[in-house]
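Peer 1: Task: produce atomic coordinates for the following.
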Amino acid sequence: QVQLVESGGGLVQAGGSLRLSCAASGRTSSMSRMGWFRQAPGKEREFVAGISWSGGYSTYADFVKGRFTISKDKAKNTVTLHMNSLKPEDTAVYYCAGSETPLGWAAQGLYGFWGQGTQVTVSS
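Peer 2: Numbering: from 1, shown residues only. Modelled structure (predicted):
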């Protein structure tokens, strides 16, 4: 089993920045990739960004490209989502997820491990 614990998030004004962290523990040797998803009220959960477990490859949803950056600290098994130029529409609960499969990025079903979620609120 793999445990994922998120930290960060909070309230920020539009145009501001936040950093979300996700610490992975347990049987991390089986991990292939990590992802961040988000779910806004009344909407479905959507893929935000992903990174390979090695940290050598990352990918982003179009709506965050150029604003968000995902990174991985190999030594600490921590994945960080740096969010800049935040918009009110970025308001959501953000979830960290881990996958043992190397196939695909955006499908939630590919991720077997999930964090508890952390709230990000962007005021206008």
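Peer 1: Only C-alpha atoms from now on, for both contacts and neighbour counts.
Peer 2: Will do.
Peer 1: In this structure V79 contacts C22, no?
Peer 2: Yes. The pair V79 and C22 qualifies as a contact (C-alpha atoms under 8 Å) at a distance of 5.1 Å.
Peer 1: quick one, what contacts the residue nearest the centre of the chain?
Peer 2: Central residue of the chain (C-alpha atoms, centre = their mean): W36, 2.1 Å from the mean position. With contact set as C-alpha atoms under 8 Å, 6 or more residues apart in numbering, W36 has these partners: F47, V48, A49, G50, L81, Y94, Y95, C96, A97.
Peer 1: try T91
Peer 2: A40, Q119, V120, T121, V122.
Peer 1: switch the cut-off to 6 Å
Peer 2: The neighbours of T91, taking C-alpha atoms under 6 Å, 6 or more residues apart in numbering as the test, are V120, T121, V122.
Peer 1: Assumed the last one was part of a helix.
Peer 2: No. Per DSSP: H, G, I helix; E, B strand; the rest coil, V122 lies outside any helix segment and is strand.
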